[in-house]
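J.: predicted model and sequence below, questions to follow.
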Amino acid sequence: MTEYVEQSGRRRLKVVFILVALVVLASTLAAIFGHRAFAPVPFPRAGGQAKLTVEVSGAANAKGQVMAAVCDEASFLKVCPYMLTQKGAAKLTFHFEKIKPGRYAVMLFHDENGNGAFDKSANGMPLEGYGFSRNAKGHFGPPSFEEAAIDIKPGVDPISIELAY
């Protein structure tokens, strides 16, 4: 009988741990893709010679808009220097221009209802699709900059990202 009680207690601890981890993940994603994260930012006009083409697939539907951002390490998961928005579609291509060559990460989300925010359920789980360069996935939260980082060189660099829901 005590063995059953110990196993039951361990299962409860595992369930609690998983629930806490999911809440942390959802809270982090909400912070990343909150309304202010994709507020209009002036597109940098100064001197980059690089171009980045981001092909996006996996959208659940053609509703709303897809928001994409190219971030350096300092701006990752915050307001990024390069941001674009397009009407929702099954497949999209974003063309970022005048990027200074360097190391960046791309993040995007599908704002299905067009409210400019990354929506989540009452328990904090994401309700809209999102993605990162290199299709990086975080563990109980968003990926690190290094997991999503890509090198952008002068010329045109193409990448692909699949949205996750």
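T.: Everything's here; your move. Residues are numbered from 1 along each chain as shown.

J.: direction included, what does the strand or helix carrying F96 pair up with?
T.: Assigned by DSSP states H and E, F96 belongs to strand 92-99. As defined by DSSP bridges, the strand partners of strand 92-99 come to strand 50-57 (antiparallel).

J.: counting contacts, what elements does the helix or strand following the strand it pairs with pack onto?
T.: Once the chain leaves strand 50-57, the next helix or strand it forms, by DSSP H and E, is strand 65-71. Other elements packing on strand 65-71 under the criterion 3 or more CB pairs under 8 Å, 6 or more residues apart in numbering; DSSP states H and E are strand 50-57, strand 82-87, strand 92-99, strand 102-111. Where C-beta positions appear, they are placed from N, C-alpha and C, glycine not excepted.

J.: so how far is stretch 76-88 from its chain's centroid?
T.: Relative to the centre of its chain, stretch 76-88 is centred 10 Å away, using CA atoms, centre = their mean, to the nearest Å.

J.: H110 and K63, how far apart?
T.: Remark: distance between H110 and K63 (CB to CB, to the nearest Å) = 8 Å.

J.: need the residues touching each of the two.
T.: Residues touching both H110 and K63 (CB atoms under 8 Å, 6 or more residues apart in numbering): G88.

J.: and the two? which has more neighbours close in?
T.: Just comparing H110 and K63: by other CB atoms under 10 Å the higher neighbour count belongs to H110, 26 against 15.

J.: residues contacting that one?
T.: With CB under 8 Å, 6+ apart, H110 has these contacts: 59-60, 64-66, 88, 128-130, 163.

J.: of those residues, buried ones?
T.: Buried by 16 or more other CB atoms under 10 Å: 59, 64-66, 88, 128-130, 163, out of the contacts of H110.

J.: picking that back up, can the contacts of H110 go into a markdown table with extra columns for distance to A149 and pLDDT?
T.: Putting these into a markdown table (distance: CB to CB, whole Å; pLDDT from 0 to 100) gives the following:
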| residue | distance to A149 | pLDDT |
| --- | --- | --- |
| A59 | 24 | 94 |
| A60 | 27 | 93 |
| G64 | 28 | 96 |
| Q65 | 25 | 97 |
| V66 | 21 | 97 |
| G88 | 27 | 94 |
| E128 | 24 | 93 |
| G129 | 21 | 94 |
| Y130 | 17 | 94 |
| L163 | 19 | 96 |
